[in-house]
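> task: produce atomic coordinates for the following.
(one chain, ligands or ions: 1)
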Amino acid sequence: MRCKFEEHYVKSGRGGRKLDDVRDKYQKACRKLHLTHNEYVLLLCEAVEFEKDFRTVLLPGLLEHQQLLQEAYIATWKQIFQEITSNSDLTSEKFREIQKRIETSLENIKPCDEYNDFTDKHKTTPTEPVKFTFDESLVEDSAGKLLPDQLTVDNLTVEWLRTKLNDLEAGIKENQEKRTAIRGSQEGLANGKSSPNQELNNRLSTASVDISRKEINELKCQERKMLKQTELIRSALNELGCEEAPTACDLSIDNQTFITNSSEQGDAAPSAVSKAGFFEPHRMFGLLRKPFRRKSAPSSPVAPPRSRGGAGRRESGAASEGGDPVALTTNKALVDEEWFHGVLPREEVVRLLTSDGDFLVRETTRNDECQTVLSVCWGGHKHFIVQTTNEGHFRFEGPAFPSIQELILYQYNSGSPVTGRSGAILHKPIPRERWELNNDDVILNDKIGRGNFGDVYRAQLKNSNDMVAVKTCRVTLPEDHKKKFLQEGRILKQYDHPNIVKLIGICVQKQPIMIVMELVPGGSLLTFLRKKSSNLTEAQLMKMCLDAAAGMRYLESKNCIHRDLAARNCLVGYNNVVKISDFGMSREEEEYIVSDGMKQIPIKWTAPEALNFGKYTSLCDVWSYGVLAWEVFARGGTPYSGMSNSKAREKIDTGYRMPAPENTPDEMYRLMLRCWEYKPESRPNFEQIYSVVETLCAAYRVSFC
Ligand code: ADP
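So this is what the prediction gives:
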């Protein structure tokens, strides 16, 4: 601004308005500058002064202040310590008084008084106890076999119950031993040397007593549970006494039905009998051995027990209807007694015992142990296991005898019930039936075949020297297999037809059990057809089909479904007579529904409804007959050759049928196709089949002799 003023001053010659403005601005600028300068100078002066004071006055002043503060602290602490010192003077009267009060209070602490009303104060009302009751609806459908709250003792459960009882008894013993051990260790602790710290000792021992008491209580509760269960099982088993446990699912025929059929109708009605599936002895073998009978068998089913001494020995021999008197003796070996039935299965036994008081003795194996069983009909069938005493004598509930025969004789003569619970009294010993042969009656020769259950032998009957075929059942097979094995015998023994293989007897006196049959010399039809294929004429093949139809017509009339009709299960006898054999799968029912799976089913021989729904009727056998006739004309060929079972089944369902084997007469093939009608009701029955084949045979001028 000064430069500008000087410039104007020079230019304008020190006058003019412009110069005034510039001078004005110059003065203002000057003023601003000088003021700022002065402020600066003053500030510097202030700073210099402050700096000086900071060092000489302020900083020392701060230190001084700090020092004063510290001193104040110290003074305060000093005062506190002085108070503490004066208050904590253990010698002061006040302190001693406090000490005294604390001591008195501690003295007055009594643990048992402290929690005197603890229980009352803290107890709460327990929740309602849970009631455990048997839901009766669960057993409604069990036909009375299962009862609410009651253990079921039968052949399926008895062993389990016995094992359970043993386990429980062992558990109780173990429990008691544990308790004794705990008590012992407690006493040891109580008598142990006390350590110098008596108080600690006492406390440890109280704690251990407490733990032991808790353990003992738990064990006692456990034992109570086990004792209750033991009681329950024991009383259920005691109920059984020496009786054999009843069968849970007895599939055998109803005893009452048998009585009605046989006694009321005289000659048993064939349909009812064959349906029920048991033997009609008088129809098949004529008069059997005379049954044993006491002269005056009591008429009431429950005869009062007689005292041994009072009535004396009852007459043990009796003349049976017009026969020789037969006595119950004790001088034979048990196996030779006529009323001893060896290992005849229970299902067969119950068929023989038809009236109250009928009895027999047999053997059974349980858990590899051979037991002798007295089976009695007494309002149902009862089976009593002969008990052996420590001295090796035999008894039921009454006195013991050195031999089983004497025991049975005593029961029979005394009229005492075998057990109090059963009330069963022995009236009539039931002798072995004609077909119950002794194993020793048969001499096995060479092996001629192999069956499902064992080998098949050509054999000789000792008494007659007749040659027979004997099917054996492997000793190692389980019991239920043995029963199945005998099933064939049971079915066969009621049939008598030239085209059905004949039963001669069963050997069940001891193992191995055997089925004795007529020997059919040509062996299996399948092997026969294959071996002789080139020599067999159409007429002979047709005759074979007629034989099979005749056998099947007979079975159909008896309501017997074979279920395994095939060339391999037919036998060829003299003059190429075909006989139906292998009744292992047979059932005597109009309709049989398989419910236990379809194991080992001969798929290619079985009708679709049997495969698909397990429904068997004689019309299923008709389907199989069609396949059998096909096998005959194919001279032992394999049906549905080249097809797996499932493929054949699938193709049949879609309408496929095997073509006729070469040279099969048209009529015969038409019959096969009718046998293979998908709907069973569209198939012919065996009566119709027989007449068709008979007409065809006549055309071939076949001799039927
Ligand atoms: P499983 O029924 O146990 O299978 P089979 O009845 O099929 O036993 O018999 C097996 C074989 O024993 C037959 O194929 C046949 O060769 C022979 N066989 C069976 N029974 C007789 C018999 N009564 N006469 C001659 N041979 C027989």
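> from here on, contacts and neighbour counts on C-alpha atoms
Fine.
> tell me the secondary structure of the residue nearest to the spatial centre of the chain, please.
Compute the mean C-alpha point of the chain, and by CA atoms, centre = their mean the closest residue is residue 156, 9.5 Å away. With DSSP: H, G, I helix; E, B strand; the rest coil as the basis, the three-state label of residue 156 is coil.
> next up, the contacts around residue 567.
524-526, 628, 631-632, 636 (CA atoms under 8 Å, 6 or more residues apart in numbering).
> for the residue nearest to residue 23 when sequence neighbours are not counted, which residues are in contact?
In space, not counting the residues next to it along the chain, residue 23 is nearest to residue 5; the distance is 5.8 Å by CA to CA, 6 or more residues apart in numbering. Listed by CA under 8 Å, 6+ apart, the contact partners of residue 5 are 19, 22-23, 26.
> can you name the residues of the stretch 301-450 of the chain that neighbour the ligand?
448-450 (CA under 6 Å from any ligand atom).
> of the residues you listed, which is the nearest to residue 460?
Closest to residue 460 out of these is residue 448 (13.4 Å), distances taken as CA to CA.
> that closest one and residue 459 touch, don't they?
No: under the criterion of CA atoms under 8 Å, residue 448 lies out of contact with residue 459, with a separation of 9.8 Å.
> one step back: and the residue nearest to residue 23, its phi and psi?
The main-chain torsion angles of residue 5 are listed as degrees, to the nearest 10 and equal phi -60, psi -40.
> residue 24 versus that one, what's the distance?
When CA to CA, to the nearest Å is applied, the distance between residue 5 and residue 24 equals 9 Å.
> next: residue 204.
Residue 204 sits 112 Å away from residue 24 when distances are taken as CA to CA.
> returning to that earlier point: so can I have CSV of the contacts of residue 567 showing distance to the ligand?
Converted to CSV, those look like this (distance: CA to the nearest ligand atom, whole Å):
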residue, distance to the ligand
524, 5
525, 8
526, 8
628, 15
631, 15
632, 16
636, 14
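> buried among those residues? Make that a ChimeraX selection.
This is how ChimeraX selects the buried members of the contacts of residue 567, with burial counted by 16 or more other CA atoms under 10 Å:
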select :524,525,526,628,631,632,636
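> ok, the contacts of residue 567 vs residue 690, which is closest?
Checking these against residue 690 with CA to CA, the nearest one is residue 628 at 14.0 Å.
> the closest one belongs to a strand?
No: if the criterion is three-state DSSP, then residue 628 is helix and not within a strand.
> now do the same contact list for it.
Neighbouring residues of residue 628 by CA under 8 Å, 6+ apart: 565-567, 605.
> ok, and the most crowded of the residues you listed?
In terms of neighbours by other CA atoms under 10 Å, those top out with residue 565 at 29 neighbours.
> confirm that one sits in a strand?
No: using three-state DSSP, the assignment for residue 565 is coil, not a strand.
> from what I see, residue 524 and residue 569 are in contact.
Yes: Residue 524 is in contact with residue 569 according to CA under 8 Å; the separation is 6.6 Å.
> what's the closest of the residues of the stretch 301-450 of the chain next to the ligand to the ligand?
Among those, residue 449 lies closest to the ligand (CA to the nearest ligand atom), at 3.6 Å.
> on the three-state scheme, that closest one is what?
Reducing the assignment to helix, strand or coil with three-state DSSP, the entry for residue 449 is strand.
> likewise for the one 10 residues further on?
Under three-state DSSP, residue 459 falls in the strand class.
> now for it: which residues touch it?
Residues in contact with residue 459 (CA under 8 Å, 6+ apart) are 442-446, 467-470.
> can you give me the neighbour number for residue 633?
The local packing of residue 633 (other CA under 10 Å) involves 27 other residues.
> how about residue 685?
The criterion is other CA under 10 Å. On that basis, residue 685 has 21 neighbouring residues.
> quote the end-to-end distance of stretch 126-141.
Stretch 126-141 has an end-to-end distance of 38 Å (criterion: CA to CA).
> give me the phi and psi angles of residue 157.
Here is the backbone geometry of residue 157 (degrees, to the nearest 10): phi -110, psi -20.
> kindly report the same for residue 504.
The main-chain torsion angles of residue 504 are listed as degrees, to the nearest 10 and equal phi -100, psi -40.
> run the chain-centre distance for stretch 556-568.
Stretch 556-568 has its C-alpha centroid displaced from the chain centroid by 33 Å (CA atoms, centre = their mean, to the nearest Å).
> dump the residue contacts of the residue of the chain at minimum distance from the ligand.
With distances taken as CA to the nearest ligand atom, the chain approaches the ligand most closely at residue 451, which sits 3.1 Å away. With contacts defined as CA under 8 Å, 6+ apart, residue 451 is in contact with residue 471.
> now do the helices in the stretch 451-600 of the chain.
Residue ranges of the helices in the stretch 451-600 of the chain, as given by DSSP state H, counting those that start in this stretch, are 479-492, 525-531, 538-557.
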